[in-house]
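[1] take a look and give me a structure for this.
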Amino acid sequence: MDWKIIFVTGGSRSGKSSFVIREATRCSGRKAFIATAEALDEEMRDRIRNHRLQRGDEWETCEEPVNLAATLSRLRDSHDVIVIDCLTIWLSNLLVREQLHDADRQTTEESMTAFIEALTELKDGPRPTSGGRRLYMVSNEVGMGIVPENRLARQFRDLAGTLNQKAAAAADQVYLVTAGIPVAIKS
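    Coordinates of the predicted model:
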């Protein structure tokens with residue numbers, strides 16, 4: 001398998017992203033960071049700026065809030081390490097656009113299917129000549145709380161659960177991060 005796929009999940013602010021960046025930085029080769037968050041306000045712009053500084057110059061940052069499958073397919077041949085942070089923000093972006101009836105975009109479920117197909121293509125690719133490459137995916141575990149009170153929030157929770165299950169199934173390794181401590185749950 002050309003790509004080793006690592007899926008990392010946990011609660012908000014659990015240390016997922018720090019763990020992934022620490023692990024991915026140890027890898028050699030060309031690195032890409034796919035950021036799904038959008039800088040819609042000053043606080044988010046500050047967060048994004050700080051995250052870029054923490055990653056350093058060895059990372060190419062691709063800001064992609066919606067077209068994740070296409071971006072992954074585009075980067076897979078030119079990079080050795082790819083980090084996607086984060087799948088649940090991407091899912092939220094898709095749902096908001098769908099709610100706004102953006103007819104030029106795929107539906108949320110079509111986008112999720114295209115993304116899982118892109119993961120499958122990575123797994124089924126040619127064998128590496130040496131070392132292999134790595135894809136790290138970060139996602140929030142949102143299904144451990146109460147049942148949300150409104151339809152959109154329940155839809156988000158359900159779709160996030162489905163997306164996380166499919167991403168974990170495609171992954172070679174899965175980690176749950178709690179209080180900054182990564183626990184391997186699939187290896």
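
[2] which regions of this protein lie under the pLDDT threshold?
    By pLDDT under 70, the low-scoring segments of the chain are 1, 102-105, 125-131.

[3] which parts of it are helices?
    With DSSP state H applied, the chain shows helices at 16-25, 42-55, 68-75, 87-99, 108-123, 151-170, listed in chain order.

[4] residues of the third one that come out buried?
    Under the neighbour-count criterion of 16 or more other Cβ atoms under 10 Å, helix 68-75 has Leu68, Ala69, Thr71, Leu72, Ser73, Leu75 buried. Quick note: C-beta positions are derived from backbone N, CA and C, even for glycine.

[5] just the C-alphas of that helix, formatted as CSV.
    Taking Å, rounded to 0.1, in the frame of the first residue of the first chain, the C-alpha atoms of helix 68-75 are listed here in CSV:
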residue,chain,number,x,y,z
LEU,A,68,-11.9,17.8,0.1
ALA,A,69,-11.9,14.8,-2.2
ALA,A,70,-10.5,16.8,-5.2
THR,A,71,-7.9,18.4,-3.0
LEU,A,72,-6.7,15.1,-1.6
SER,A,73,-6.6,13.6,-5.1
ARG,A,74,-4.6,16.6,-6.3
LEU,A,75,-2.0,16.5,-3.5
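
[6] and that helix, what does it pack against?
    For helix 68-75, the elements it packs on are strand 31-35, strand 81-85, helix 108-123, judged by 3 or more Cβ pairs under 8 Å, 6 or more residues apart in numbering; DSSP states H and E.

[7] and Ile185, how far from Gln155?
    In this structure, Ile185 lies at 26 Å from Gln155, with Cβ to Cβ, to the nearest Å as the measure.

[8] neighbour-wise, which of those two wins?
    Under the criterion of other Cβ atoms under 10 Å, the comparison of Ile185 against Gln155 puts Gln155 first, with 16 against 12.

[9] out of everything not next to it in sequence, what's closest to the more buried one?
    Excluding the flanking residues, the one nearest Gln155 by Cβ to Cβ, 6 or more residues apart in numbering is Leu95, at 6.9 Å.

[10] with Pro65 instead?
    Asn93 (4.4 Å).

[11] quick one: that neighbour and Val81, what's the gap?
    23 Å.

[12] now Glu98
    Glu98 sits 31 Å away from Val81, going by Cβ to Cβ.
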